[in-house]
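Novice: turn this into a structure:
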Amino acid sequence: MRLTVLWGHVLTFVIATTLALTVRSFFDEEGYISFYHLHMENQSFGNILAFISFGLYTRYCYVFIPPNHQGIQTCLGWQTGEVWGEGNFHFIPRPFWDIWKIVSVEHFTFTVAGQNRTKEGFMMMVFATGRAIPENAFLIAKMLSMDHLKEQLIGLAMMTIGKYINQNERRALLDYPVWDISSFLKHSLEEEREQHGVMELDGLYGVMVTLRTSKVIEVDKVTEAQFNTLARTSDMDTVIGNLRKQFPVLSDVELYAAYGAFVGINPTVMSYVLHGDGNKNIFVGGAGGHHN
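Specialist: Next comes the predicted model:
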């Protein structure tokens, strides 16, 4: 049974009030209570205990969900599918309802590159930047960690770029190097949902994603052969240094993405750069990943 934030507050107040009135009813008779030399009327003592019980229960039901987080709700130990957003004024009527897990829903961005042949057969490389907006912690919690979710996302983004290149002509790609290809990614997500039988989900595990191309480079056979030679005989740092000379228009982030696209790293292994985690850029490329 799902419970909204408003009804959580209402039920908590009702239960706390009922508890306080019940405690108060035990001391509704005439008389005094004595503690050594202290004497107090039953009703006054009952009022104090009722106030304390009200406060203790509401404190027990108080839930703090930090900024950029969501809390996953349970009812009698079962997940309801309801999530509560960030806030410092939440009350959930325990022990009937509870917050099982608090999950970060911070937005993150990524840069990825992919290469493929156009309709006419030209080899092109396209760079794209994406933004992921987690919206449902209940679905995100189904993944082992946020890193696993990011790996799936980047793999789909690389596949989307390949489809985008293959479905367009060279001139169109070069004329529109900056373009919103979120519709291509949405189609990839729909195919992913069909394969896993989760058609009711609008996104990837509760994450809404946008993807926009940022740069288009034509890859000729000479450049590709030079790069393949470098990749076979040099480590990644050396390759990046040579790439920087060949493609001075690329940023460091794009150079790392280009390396992964040229080498052809499997999307399940991943070759990507993530931003937004303490201003750190992380490149992952198999067992020899580098961290900057």
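Novice: got any ranges where the stretch 151-292 of the chain has weak pLDDT?
Specialist: Within the stretch 151-292 of the chain, the stretches with pLDDT under 70 are 192-203, 222-236, 260-292.
Novice: what about the strands in it?
Specialist: Per DSSP state E, counting those that start in this stretch, the stretch 151-292 of the chain carries strands over the ranges 207-218, 272-277, 280-284, 290-291.
Novice: residue 80 versus residue 120, what's the distance?
Specialist: 54 Å (CB to CB, to the nearest Å). Every residue, glycine included, has its C-beta placed from N, CA and C.
Novice: which one of these two is surrounded by more residues?
Specialist: Taking other CB atoms under 10 Å, residue 120 and residue 80 do not tie; residue 80 has more neighbours (16 against 9).
Novice: tell me the helix or strand right after the helix or strand harbouring that one.
Specialist: Using DSSP states H and E, residue 80 sits within strand 78-84. Tracing the chain past strand 78-84, the next element assigned as helix or strand by DSSP H and E is strand 87-91.
Novice: partners of that next one in the sheet?
Specialist: Strand pairing for strand 87-91, using DSSP bridges, gives strand 62-65 (antiparallel).
Novice: in the partner strand, what's buried?
Specialist: By 16 or more other CB atoms under 10 Å, the buried positions in strand 62-65 come out as 63, 65.
Novice: got it, and stretch 112-128?
Specialist: So for stretch 112-128, counting by 16+ other CB under 10 Å, buried means 112-116, 118, 122-128.
Novice: ok, residue 136 - contacts?
Specialist: 70, 83, 206 (CB atoms under 8 Å, 6 or more residues apart in numbering).
Novice: which of those lies closest to residue 240?
Specialist: residue 206 (34.8 Å; CB to CB).
Novice: one step back: can you dump the C-alpha atoms of the strand holding residue 80 in CSV for me?
Specialist: Extracted C-alpha coordinates of strand 78-84, given in CSV (Å, rounded to 0.1, in the frame of the first residue of the first chain):
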residue,chain,number,x,y,z
TRP,A,78,7.3,-5.0,1.4
GLN,A,79,8.4,-2.4,-1.2
THR,A,80,5.5,-0.4,-2.4
GLY,A,81,7.2,1.2,-5.4
GLU,A,82,6.7,4.7,-3.9
VAL,A,83,9.7,7.0,-3.4
TRP,A,84,9.9,10.1,-1.3
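Novice: cool, thanks, signing off.
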